[in-house]
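[1] Below are the sequence and a predicted model; questions follow.
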Amino acid sequence: MADSDTPDLPRLLPDAVHRSVKPGTALLRLETTHAREGILDGAWWPRSRDIGAELPSLISALTEHLGPVTRVGLDGSAWDELPTRVMVDDRVVHIDSFPVGDDTVLITRGEGDLFSLLLVPPDTSPDAARAAMARAVRADNVTEARQILIDTGGGMPPAPA
């Protein structure tokens, strides 16, 4: 069955992650079960630390699969500059900065439905990124984001300043 035949299922990062992707394309994987029993709900691999360039495509992709995103929480020290809000598809999305390390991104949908995404550092090799993203979306995953990055060769994310 083709992806177009199942509009309610998220499209996953293809195995051919080595080929280049168009600018503005979010490299994103989401857990495909509705149970959400794992620690993480997905994974995101931005290509740079420029949040202004990276965040709009992530929010657009998440909105397509999850519905309207109202907040994004991440570690401000992991990004070049961090605004307090961005406009994406004519909607205001608030950005919260927490000194928690840059290994996760917290996405709020609606009034409080929270999704946790593994944040794969931009300089991670394609093989390590693919392995980390695949592990993060496993329904039975009980490993925290930082440990997934270590185990898959993504290394330790930079420590907060």
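    Nice, I can see it.
[2] Now do residue 77 against residue 112, distance only.
    According to C-beta to C-beta, to the nearest Å, residue 77 and residue 112 sit 26 Å apart. Glycine gets a C-beta too; all of them are placed from N, C-alpha and C.
[3] Give me the more crowded residue out of these two.
    More crowded of residue 77 and residue 112, by other C-beta atoms under 10 Å: residue 77, with 16 against 8.
[4] In this structure the more buried one contacts residue 99, no?
    Yes - at 6.7 Å, residue 77 counts as touching residue 99 under the criterion of C-beta atoms under 8 Å.
[5] Skip the chain neighbours and tell me the closest residue to residue 41.
    Take residue 41 and drop its neighbours on the chain: the residue closest to it by C-beta to C-beta, 6 or more residues apart in numbering is residue 115, 4.3 Å away.
[6] mind listing what the spatially most central residue of the chain touches?
    Nearest to the mean C-alpha position of the chain, by C-alpha atoms, centre = their mean, lies residue 44 at 2.7 Å. Residue 44 makes contact with 26-28, 58, 105, 117-120, according to C-beta atoms under 8 Å, 6 or more residues apart in numbering.
[7] switch to 7 Å and redo it
    Contacts for residue 44 (C-beta atoms under 7 Å, 6 or more residues apart in numbering) come out as 26-28, 58, 105, 117, 119-120.
[8] how deep is the closest residue to residue 79 other than its chain neighbours tucked in, by neighbour count?
    Nearest residue to residue 79, sequence neighbours excluded (C-beta to C-beta, 6+ apart): residue 51, at 4.4 Å. Other residues within reach of residue 51 by the criterion other C-beta under 10 Å amount to 21.
[9] How about residue 123?
    By the criterion of other C-beta under 10 Å, residue 123 has 12 neighbours.
[10] Where does the prediction get shaky in this structure?
    The chain contains residues with pLDDT under 70 at 1-26, 31-37, 100-102, 155-161.
[11] show me where this protein has strands.
    28-30, 42-44, 69-74, 85-88, 91-97, 104-109, 113-119 (DSSP state E).
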